[in-house]
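Student: coordinates only, sequence not included:
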């Protein structure tokens, strides 16, 4: 078996990717207690072993695996050193005056605005997280003068690693009691400044066409905004449909799959439909701001589309793992501390490997408006992400499959009429207003269904599992997928 892995380029590549990701995971968890000297000493020992055992194929294979693992650990060392992580003790600074700029899209929600600021005149490593009132508001690229009562290292909150949650955004400190003054504009990336300005124009137009919470709902569908939903956020979470208003690989993939079905029904050849949808996903990613989560979602969605296009899911796994490696190279903290990344990655695997199995079981059911295909994709994503959700959040939605089946078929139409409403309102406002009523009917239907099920006592239950239980559940799922694959191979023979 080992010889087979060594001789197969794709399998060997998959193992190397896995070793790198394992190194990143171990480095992310143990890094505060690992010194630079220990890691680099191990690296030089590894070089020596390469020189000695280079002629032995098996030894060389294991040494390459070990090298990939060590590179993953080293990447974490570099990341944590840039953030100023030198242990786990809480560090406080006295009053600080900082000149910096807003270096990420502001998170404006009801009651509070959250900003990530990159200092320009300070030797403080990393970025600073600021929570401030909604008004006055600041935008990406604004240059600010900030007086912080103190700078505080973020710390874990009970079982929630709040420090790592912020670290994955490059944040090292929290500004306590900030006094903010805007002193300029134009910092940051000019492309992002243009994109965020365009999003602000669209947001203002959405606020004119719909009232809350439907304005927030439409903004969530079009570019992932969740600030205006209020209590609907909890209702969506209880019924397991948060993915429709959060830009995720799960969301993009399901919508893109349904749109491909619509293209086929419109007599567009499947190959042309594939390129049309991929182009649409790329445009959507750019418009949504190109944040790490949105880019990740776009990549995962395109991978699933590619798997469906070539009809060879086996060739997708190395590409998927390599994608995870590239993302981890860019930001190693997402692997262990970003639940969104984990859910997108796992859901993509489910949509590639599990969805075709469910599709075959449902072939005899008529597929009206893409409902059957949407249900297959939904069930595949729910089943494959269930262990991770129980581990990370401890909440199981009992009505998620039914609610998703009832509402998912409407989402592409709501997005289509919503997008057309916004565009048409700039050209001929009455036309945009008429289209907005159609989109409102769809959103009202979704909200009614979600609230109907959320009001029931059996909507969800609390089940918290540990890492070992999650691991065993995924082993069982892997066994089922392997057995199903063997049955398909036997049928082909």
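Tutor: Looks like it came in fine. Because the structure is predicted, anything quoted here is derived from the model rather than measured.
Student: so who does residue 272 touch?
Tutor: Contact analysis of residue 272 by C-beta atoms under 8 Å, 6 or more residues apart in numbering lists residue 263. Any C-beta I mention is one placed from the backbone N, CA and C, and that applies to glycine too.
Student: quick one: it from residue 349, how far?
Tutor: 27 Å (C-beta to C-beta, to the nearest Å).
Student: please apply the same query to residue 196.
Tutor: 33 Å.
Student: the more surrounded of the two?
Tutor: Set residue 196 next to residue 349 and count neighbours by other C-beta atoms under 10 Å: residue 349 wins out with 25 against 20.
Student: check which helix or strand the more buried one maps to.
Tutor: helix 339-349 (DSSP states H and E).
Student: what residues sit buried inside that helix?
Tutor: For helix 339-349, burial by neighbour count (16 or more other C-beta atoms under 10 Å) applies to 340, 341, 342, 343, 344, 345, 346, 347, 348, 349.
Student: which member of those is positioned nearest residue 334?
Tutor: residue 341 (4.4 Å; C-beta to C-beta).
Student: can you pull the contacts of residue 440?
Tutor: Contact partners of residue 440, counting by C-beta under 8 Å, 6+ apart, are 210, 214.
Student: with residue 242 as the reference, measure out to it.
Tutor: Residue 440 is 21 Å from residue 242, where distance means C-beta to C-beta.
Student: please apply the same query to residue 431.
Tutor: Separation of residue 431 from residue 242 (C-beta to C-beta): 32 Å.
Student: more neighbours, these two?
Tutor: Higher neighbour count among residue 431 and residue 242: residue 242, with 21 against 14, using other C-beta under 10 Å.
Student: so the more buried one touches residue 234, yeah?
Tutor: No. With contact defined as C-beta atoms under 8 Å, residue 242 does not count as touching residue 234 (9.7 Å).
Student: low-confidence ranges in the stretch 201-350 of the chain?
Tutor: Within the stretch 201-350 of the chain, the ranges that satisfy pLDDT under 70 run 226-230, 246-255, 257-261, 270, 287-293, 304, 307-315.
Student: got the domain boundaries for this structure?
Tutor: Using automatic domain parsing, the domain ranges for the chain come out as 2-82, 92-188, 199-492.
Student: strands of the stretch 151-300 of the chain, residue ranges please.
Tutor: 171-176, 179-184 (DSSP state E, counting those that start in this stretch).
Student: any idea of the mean pLDDT in the last one?
Tutor: The predicted model assigns strand 179-184 a mean pLDDT of 90.
Student: who touches that strand?
Tutor: 99, 130, 132, 136, 138, 142, 143, 144, 145, 146, 147.
Student: as TSV, the residues you listed with pLDDT and secondary structure would be great.
Tutor: Below are these laid out as TSV (pLDDT from 0 to 100; DSSP: H, G, I helix; E, B strand; the rest coil):
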residue	pLDDT	secondary structure
99	90	strand
130	93	strand
132	89	strand
136	86	coil
138	90	coil
142	90	coil
143	91	strand
144	92	strand
145	91	strand
146	91	strand
147	91	strand
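Student: return the member of the residues you listed nearest to residue 484.
Tutor: Looking across those and measuring by C-beta to C-beta, the closest to residue 484 is residue 130, at 50.3 Å.
Student: verify the stated contact: that closest one with residue 146.
Tutor: Yes. Using C-beta under 8 Å, residue 130 is in contact with residue 146, at 6.9 Å.
Student: ok, those two, which is more surrounded?
Tutor: Ranked by neighbour count (other C-beta under 10 Å), residue 130 and residue 146 place residue 130 first, with 25 against 20.
Student: now do the contacts for that one.
Tutor: Per C-beta under 8 Å, 6+ apart, neighbours of residue 130: 114, 115, 116, 117, 146, 174, 175, 178, 180.
Student: what is it paired to in the beta sheet?
Tutor: For residue 130, the residues forming beta bridges with it (DSSP bridges) are residue 115.
Student: which residues are in contact with each of residue 130 and residue 146?
Tutor: Common contacts of residue 130 and residue 146 (C-beta under 8 Å, 6+ apart): 117, 175, 178, 180.
Student: ok, and the most crowded of the residues you listed?
Tutor: Going by other C-beta under 10 Å, residue 117 tops the shared contacts of residue 130 and residue 146 with 26 neighbours.
Student: all helices for the stretch 201-350 of the chain, in order.
Tutor: Along the stretch 201-350 of the chain, the segments classed as helices by DSSP state H, counting those that start in this stretch run 214-223, 232-238, 249-265, 270-287, 292-310, 316-330, 334-337, 339-349.
Student: and residue 186, which of those is closest to it?
Tutor: Judging those by C-beta to C-beta, what sits closest to residue 186 is helix 270-287, at 20.9 Å.
Student: list the buried residues in that closest one.
Tutor: For helix 270-287, a neighbour-count test (16+ other C-beta under 10 Å) marks 273, 274, 277, 278, 281, 284, 285, 287 as buried.
Student: so who does the fifth one touch?
Tutor: Put plainly, it is residue 281. Per C-beta under 8 Å, 6+ apart, neighbours of residue 281: 252, 256, 298, 301, 302, 305.
Student: ok so, going back, can you redo the buried residues of helix 270-287 as a markdown table with distance to residue 461?
Tutor: Conversion of the buried residues of helix 270-287 to a markdown table gives the following (distance: C-beta to C-beta, whole Å):
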| residue | distance to residue 461 |
| --- | --- |
| 273 | 40 |
| 274 | 40 |
| 277 | 37 |
| 278 | 39 |
| 281 | 35 |
| 284 | 35 |
| 285 | 35 |
| 287 | 38 |
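Student: and which of the residues you listed is nearest residue 212?
Tutor: residue 287 (22.0 Å).
Student: circling back: hey, which of the strands of the stretch 151-300 of the chain is tucked in deepest?
Tutor: Highest mean neighbour count of these: strand 171-176, a mean of 22 (counted as mean count of other C-beta atoms under 10 Å).
Student: now that strand: average pLDDT?
Tutor: 90.
Student: try stretch 409-427
Tutor: Here the average pLDDT along stretch 409-427 is 85.
Student: list the buried residues of stretch 59-79.
Tutor: 61-77, 79.
Student: hang on, residue 397 packs against residue 242?
Tutor: No. Between residue 397 and residue 242 there is no contact under C-beta under 8 Å: 9.6 Å.
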